[in-house]
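> predicted model and sequence follow; I will ask about them next.
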Amino acid sequence: MRTLAMRVAAGLAAVALSTPLIAAPAAADPVTIPNPDQGLVFYSSNPLAVVARQAAPDDVCRPFPADADWLLAWSGFQNVIAYKSADCSGQAYGMGIWRGWTTRGTFGSYKTV
C-alpha cells in the first residue's frame, strides 16, 4: 500500500510540474531585420526597429530621424555627415558608416556621400 501511494504521489507531482497553472501569454515574434540590408539604415535600439532608410548617397540635406539610436551604411556610402541644426549648417560631425549615440535628438539633419 505504501509503494502504491508513493507511485501515485510521484505521478501527481510529475503532472503538476509539467502543467502550467496559469496560461502564459504567447511570446512575441522576434524582430526580423534583413542582414545584410541595403543602403543607409537608421535603427532604434529600444525597441529594435528600422526608423529610416536611404537607398543611395546624394549630398541632399535631410532631417535626422528623431527615433534613431544608431546607423549602419550597408552599401554604397562613404560617410554620413550629421549637423545639430535642422538645415545642415554649422558644425559638421563625420559619423562614418557605422555609429551609435546615447542621446536621441542630438542631431537635426544629415547629408551623405
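Done, it's in.
> distance of T103 from A68?
Between T103 and A68 the distance is 11 Å, computed by C-beta to C-beta, to the nearest Å. For the C-beta atoms, the positions are set from N, CA and C on the backbone; glycine is no exception.
> again, but for Y93
Distance from Y93 to A68, by C-beta to C-beta: 14 Å.
> N79 now?
Taken as C-beta to C-beta, the span from N79 to A68 is 16 Å.
> and these two? which has more neighbours close in?
A68 (23 against 13; other C-beta atoms under 10 Å).
> wait, doesn't that one sit right on V50?
No. Here A68 does not reach V50: they are 9.5 Å apart, not a contact under C-beta atoms under 8 Å.
> for Q78, give me its contacts.
Residues in contact with Q78 (C-beta atoms under 8 Å, 6 or more residues apart in numbering) are 57, 97, 113.
> tell me where this protein has strands.
Applying DSSP state E to the chain gives strands spanning 40-45, 48-54, 62-63, 70-73, 80-83, 92-96, 98-100, 109-112.
> nearest to T32, of the ones you listed?
strand 48-54 (10.0 Å; C-beta to C-beta).
> give me the sheet partners of the closest one and which way each runs.
The pairing partners recorded for strand 48-54 under DSSP bridges are strand 40-45 (antiparallel).
> please point out which parts of the strand it pairs with sit buried.
40-44 (16 or more other C-beta atoms under 10 Å).
> export the residues you listed as TSV, with columns for distance to K84.
Shown next, in TSV, are the buried residues of strand 40-45 (distance: C-beta to C-beta, whole Å):
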residue	distance to K84
L40	19
V41	22
F42	17
Y43	20
S44	20
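> ok, of those residues, which one's closest to W74?
V41 (6.5 Å).
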